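Return a 3D structure for these sequence lines:
(one chain, ligands or ions: 1)
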Amino acid sequence: MRPLTERETAVLRRTAGGETYRQIARDWGVEEITVRTTGARVLKKLGANTIAHAVHLAWEAGILRRERHGDHAGYNAHKYRGETPCDLCVAGERKYRAEQQRNRRKDAA
Ligand SMILES: [Zn+2]
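Next comes the predicted model:
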C-alpha cells in the first residue's frame, strides 16, 4: 500500500469522526471538490470501495488505531493537529474538566 499523505490521512480521520467532505472543506477554506478528490485518492490507495470501507481498512492497517480518542489527551492531540476534536474527544474533555472542577472544589473545602 502506498502511504497516505498527511492531508489524505486527515480527510480519512475526520471522515471516520463523522464529518462530511463539505464540513471539512468549509473548515479548511477549500472547495468541496478538492476534499472529494483527496477522498477518492484515499480509496484508491487503500483499495476501498467506499469511505466506510476505507476507514475499516485503515483501522486494520493501524493507520487510525495509533491515535487516542475519548479523553483529555485525545482532545489535545486534535487541537495540536489543528483539527476540530471528534465527538468522542469532546465528551472525554467535558468529563475531564468536570473532574478537575470537582477536585478544585474539594481542595477549597
Ligand atoms: Zn478524537
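
rest of the way, CA atoms for contacts and neighbours
Will do.

Pull out the buried positions in the longest helix along the chain.
If you go by DSSP state H, the chain has its longest helix at helix 87-108. Buried residues in helix 87-108, counted by 16 or more other Cα atoms under 10 Å: 89-93.

just curious, which of those is nearest to Ile51?
Within these, the smallest distance to Ile51 is 21.5 Å, found for Cys89 (Cα to Cα).

so who does the closest one touch?
69-72, 74-75 (Cα atoms under 8 Å, 6 or more residues apart in numbering).

Filter these down to the buried ones.
The neighbour-count test (16+ other Cα under 10 Å) marks 69-72, 74-75 as buried among the contacts of Cys89.

Name the nearest residue to Val55, ignoring sequence neighbours.
Ala16 (6.1 Å; Cα to Cα, 6 or more residues apart in numbering).

Next one, pLDDT for Arg66 please.
On the pLDDT scale, Arg66 is placed at 64.

Show me what from the chain comes close to the ion.
69, 86, 89 (Cα under 5 Å from the ion).

low-confidence ranges in this protein?
1, 65-67 (pLDDT under 70).

domains for it, by residue range?
1-66, 67-109 (automatic domain parsing).

Which pair of the contacts of Cys89 spans the longest distance?
Maximum distance among the contacts of Cys89 (Cα to Cα): 8.4 Å, for His69 and His72.

so what's Thr34 closest to, chain neighbours aside?
Here the residue nearest Thr34, using Cα to Cα, 6+ apart, is Ala25, at 7.6 Å.

my guess is that neighbour meets Glu31, correct?
Yes. Using Cα atoms under 8 Å, Ala25 is in contact with Glu31, at 5.8 Å.
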